[in-house]
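Colleague: sharing a model that was predicted from the sequence below.
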Amino acid sequence: MIKDEKEYTVTQGLIGEFEKSIAATERDEARKTNDPDGWELMRSSLQSHLDKLKAEIAEYERLTSHDRHSPIVLKLDDLDYFPQVLIKARMAAKLSHQELANLAGLTEEQIKRYEGNDYEDASFLDVRFVIDALDIKIQNGEFLIPLDTLRRTPITKEELLKSQATNREQSSTN
């Protein structure tokens, strides 16, 4: 996810580099002939990364060009990505870190730190302050609690982190 203008500029540069790499791969007739599977794997990998970067650019442009006077709907399929909703909401509202901090009763440094690490070290209360400052509302929210398969043993920190990493990998391939 692109969070600011600097990352946007860097991502645009990366897109150019990936396009050059794909063009070079396309011209590599020797590899196409001698190792067609390896060539296809390389070409597909480069294209996949390029597509992901272009999608991030499109999302950033959609958020930053959105009319701040009309609501925006941000969907969430996994609670692990809720911090991104907070960041996207700030961007769509065209609020600076300082402006959000003032509205939430926090410091600019806190907001920057929270966004920098996807709110991992933010207290629940600070997250609530940000939610309230951004006037975020949940509509038609549903939570599924599969009681028949509910775990009856404590989850370890390692299991939780592994589960989150797996979820991130799966969402980045989709």
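Modeller: Yes, it's here.

Colleague: what mean pLDDT does the longest helix seen in the chain get?
Modeller: Counting residues, the longest helix in the chain under DSSP state H turns out to be helix 36-65. Mean pLDDT, helix 36-65: 96.

Colleague: stretch 96-104 now?
Modeller: 97.

Colleague: show me how far that stretch is from its chain's centre.
Modeller: Its chain's C-alpha centre and that of stretch 96-104 lie 21 Å apart, by C-alpha atoms, centre = their mean, to the nearest Å.

Colleague: show me what counts as buried in it.
Modeller: The neighbour-count check on stretch 96-104 (16 or more other C-beta atoms under 10 Å) flags 97, 100-101, 103-104 as buried. All C-beta atoms are positioned from the backbone trio N, CA, C, and that covers glycine.

Colleague: again, but for stretch 32-52
Modeller: For stretch 32-52, a neighbour-count test (16+ other C-beta under 10 Å) marks 39, 42-43, 46, 49-50 as buried.

Colleague: residues in contact with it: which ones?
Modeller: Contacts with stretch 32-52, where a contact means C-beta atoms under 8 Å, 6 or more residues apart in numbering, come from 15, 18-19, 21-22, 25-26, 28, 31, 172.

Colleague: could you redo those as a markdown table and give each row secondary structure?
Modeller: Converted to a markdown table, the contacts of stretch 32-52 look like this (DSSP: H, G, I helix; E, B strand; the rest coil):
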| residue | secondary structure |
| --- | --- |
| I15 | helix |
| F18 | helix |
| E19 | helix |
| S21 | helix |
| I22 | helix |
| T25 | helix |
| E26 | helix |
| D28 | coil |
| R31 | helix |
| S172 | helix |
